[in-house]
Structure formats: C-alpha cells, structure tokens
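K.L.:
model the structure of this input:
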Amino acid sequence: MIKHKVHTGSLLVAEPFMEESNFRRSVILITDHTREEGTVGFIINKPLKIKISELMEDFPEFDSVAYYGGPVSTNTIHYMHNVGPLLEGSTEISSGVFWGGDFEKLKFLISQELIKPDNIRFYIGYAGWSAGQLMQELEASSWITSYMHANYLFKSKPTKLWRQVMYHKGNVFSVLSQLPEHQCLN
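P.N.:
Next up is the predicted model:
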C-alpha cells in the first residue's frame, strides 16, 4: 500500500493526465485535513478575470484578482495572506502562509495600504473531500503530494505554478512537468 503524506499545509498537484476540468493542472493548498472529517483546500493557480473589489460591496478599491478556489460553495470568498498576526483570527497553514482572519480589520488594513496585493490572495469557492475520499483519490494516483513554500503562493506566476511544483519534486516529476497541457501538442 502506498503511503501519502497529506496534512494541513501540504500541496496536492493534479496528475498530468487528469481530465476533470475543475482540477486539470491544479495545485491545491490543503488548509484543513483530518481523516475523520475530511479535507479542505484551495486551488492556488487559477486566477479569474475579475478583481476582488468588483465582487464585494463595501470593499476598498484593491488591485488584486480573485482566484477560482474550487467547485464547492462558489458563493463564498476566502483569503490567504502572509501578514500573520497583523490580522487577528488568522490560522497559520504553513510557514509564512495564513488563512482567514478578521474581515473588518482586513478591509481597514487594505484601505490604509498596510496590506498590498502581493500579501494576499482571494479565492471563490474551495475544494473539499469527505472523510476517506481524498485517500481513495491518492491511491488511484489522481494527485501527487508536495511541500508548500510561501513563494508558490505570493511570488510564483499562477499559470506556471503546476510546472514549477512538479519540476521542484525532481526525478520523474521534472520530466512530467515538461509535458504539454494538451497531449495533441506532444
């Protein structure tokens, strides 16, 4: 039996031939994982063509696009940031990456330009798995696990992130990272 290292703060990387459109070439940051309750995560490499300030009333003008976080609850907005304790109520997911926090304080910090677009990412919806579901998908080789680095979220180009994470895994994964997205181009 294959052992998979999935925990809060790890990454799930879609295997290269995944056809499911919601997750094709996705990189998902796991934000909550327990065997008993299931798993929550956010696709971190699928920017949308709309700014977060266009999606919410009473939100400060902010030059930051929203991201597609996943197919679950697409009427919700979530955020990850690197400002840590500056935003009370946030949860550290991995080194330098925090999830959530006081929303009114977030708006204040943005309006005061204490949080800039390169400090935060907003997600519409999320990816979720019931207890045991993700382990079944891992056993079926639908996902590749990897470590999370804050630069993946805040510095990397989202459209190149899948290739970057695969390449950094090394060995056969660096070769797989070179496969074209559409196999007919191979």
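
K.L.:
do you know how far the residue positioned nearest the centre of the chain is from residue 109?
P.N.:
Nearest to the mean C-alpha position of the chain, counting by CA atoms, centre = their mean, stands residue 44 at 2.9 Å. Applying CB to CB, to the nearest Å, the value for residue 44 to residue 109 is 21 Å. Using the backbone N, CA and C atoms, a C-beta is placed for each residue, glycine as well.

K.L.:
what of residue 17?
P.N.:
Separation of residue 17 from residue 109 (CB to CB) stands at 42 Å.

K.L.:
more neighbours: which of the two?
P.N.:
Using other CB atoms under 10 Å, the more surrounded residue of residue 17 and residue 109 is residue 109, with 21 against 11.

K.L.:
contacting residues for the nearest residue to residue 9 once chain neighbours are set aside?
P.N.:
Closest residue to residue 9 apart from its sequence neighbours, by CB to CB, 6 or more residues apart in numbering: residue 94 at 3.5 Å. Shown in contact with residue 94 (CB atoms under 8 Å, 6 or more residues apart in numbering): 8, 9, 10, 29, 148, 150.

K.L.:
and of those residues, the nearest to residue 81?
P.N.:
residue 150 (10.3 Å; CB to CB).

K.L.:
surely the closest one touches residue 82?
P.N.:
Yes - the pair residue 150 / residue 82 is scored as a contact, 6.1 Å apart, by CB atoms under 8 Å.

K.L.:
overlap in contacts, the two.
P.N.:
Taking CB under 8 Å, 6+ apart as the contact rule, residue 150 and residue 82 both touch 96, 97.

K.L.:
CA atoms only for stretch 61-70, dumped as CSV, please.
P.N.:
Taking Å, rounded to 0.1, in the frame of the first residue of the first chain, the C-alpha atoms of stretch 61-70 are listed here in CSV:
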residue,chain,number,x,y,z
GLU,A,61,-10.5,49.6,-4.1
PHE,A,62,-7.9,46.9,-4.4
ASP,A,63,-5.8,45.9,-7.4
SER,A,64,-6.0,42.1,-6.8
VAL,A,65,-7.7,39.5,-8.9
ALA,A,66,-9.8,36.7,-7.4
TYR,A,67,-8.9,33.1,-7.9
TYR,A,68,-11.0,30.0,-8.5
GLY,A,69,-10.6,28.2,-5.2
GLY,A,70,-12.6,25.1,-6.2
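
K.L.:
counting by contacts, list what the helix or strand that residue 162 is a member of packs against.
P.N.:
Per DSSP states H and E: residue 162 is located in helix 161-169. Packing partners of helix 161-169 (3 or more CB pairs under 8 Å, 6 or more residues apart in numbering; DSSP states H and E): strand 11-14, strand 27-34, strand 143-146, helix 150-154, helix 171-176.

K.L.:
next, the angle from it to strand 27-34.
P.N.:
70 degrees (axes from the mean of the first three to the mean of the last three CA atoms, to 10 degrees).
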